[in-house]
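> just the structure for this:
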Amino acid sequence: MPIIEIHTLKPQEHNAAARLCAQAMLDNPIHCAVFGQDQTVRLRRLQYFFPGMLAYVGRKGRLYGAFIDEQMVGVFGVLPPGQCRPTVADALRLLPALLCSNSILGWLRSMIWLGTWAKIDPRAPHWHLGPLVVDRQWQGQGIGSRLLEFVCSNDEGWPFYLETDKKINVKLYERFGFTTTGTPKILGVPGWVMVKKAAKEKTQ
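Below you'll find the predicted structure:
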């Protein structure tokens, strides 16, 4: 097991994190449906999409990076309770990234995708996790598990919530106490909504 260091990403590290996300999540089924089947085009579009998305996570929550010998090998975003629903101002700041990352038809697909997740998002306060990515060359080395351990070590009395479109990820999350609460299909792509209960529920 390599030595993994985790720290909050600095703003100047966000572009590298966005590139890592675009490459690591290039073949996610929902990204193929939203950003197109051509891999080269899809990568370019994701490289426009993720800077805006990570900037939002960084402003509203916490954006962590995993490093091995100072090389970024993983990224994990966490939105705290009450911060995962974009305000009008947030949506306007995200708009350029959404418009630049797709065709007109693709933009409509993006709205269906993101809008569906927004509708499914629990109304009760929760930690909203994602994205969680690991560099392709380092996958299977325990980095994703290390990031989950780091983030889930203190729930502060709130449950954790996440979505995934990859069945292989479900087993990983189940090992950390997540259970599937829904299986929506978006643009024909199956998805899994998962929740991990708080160790001790926060008193309202």
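
> mind listing the strands for the protein?
Assigned by DSSP state E, the chain shows strands spanning 5-8, 62-68, 71-79, 127-134, 160-164, 179-182, 185-186, 189-190, 192-196.

> how far out from the middle of the chain is the biggest helix by length in the chain?
Assignment by DSSP state H gives helix 39-60 as the longest helix of the chain. From the chain centre to the centre of helix 39-60 is a distance of 11 Å (Cα atoms, centre = their mean, to the nearest Å).

> can you check stretch 13-31 too?
The answer for stretch 13-31 is 10 Å, by Cα atoms, centre = their mean.

> what residues sit buried inside it?
13-14, 17-26, 28-31 (16 or more other Cβ atoms under 10 Å). Heads up, the C-betas are built off the backbone N, CA and C, glycines and all.

> quick check: angle from the longest helix of the chain to strand 127-134?
On the basis of axes from the mean of the first three to the mean of the last three Cα atoms, to 10 degrees, helix 39-60 is oriented at 140 degrees to strand 127-134.

> who does helix 39-60 touch, helix- and strand-wise?
Under the contact definition 3 or more Cβ pairs under 8 Å, 6 or more residues apart in numbering; DSSP states H and E, helix 39-60 sits against helix 14-24, helix 29-35, strand 71-79, helix 88-100, strand 127-134.

> mean pLDDT and distance to residue 119 for those - can I get that in a markdown table?
Shown next, in a markdown table, are these (pLDDT from 0 to 100; distance: least, Cβ to Cβ, whole Å):
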| stretch | mean pLDDT | distance to residue 119 |
| --- | --- | --- |
| helix 14-24 | 97 | 24 |
| helix 29-35 | 98 | 15 |
| strand 71-79 | 98 | 17 |
| helix 88-100 | 89 | 15 |
| strand 127-134 | 97 | 14 |
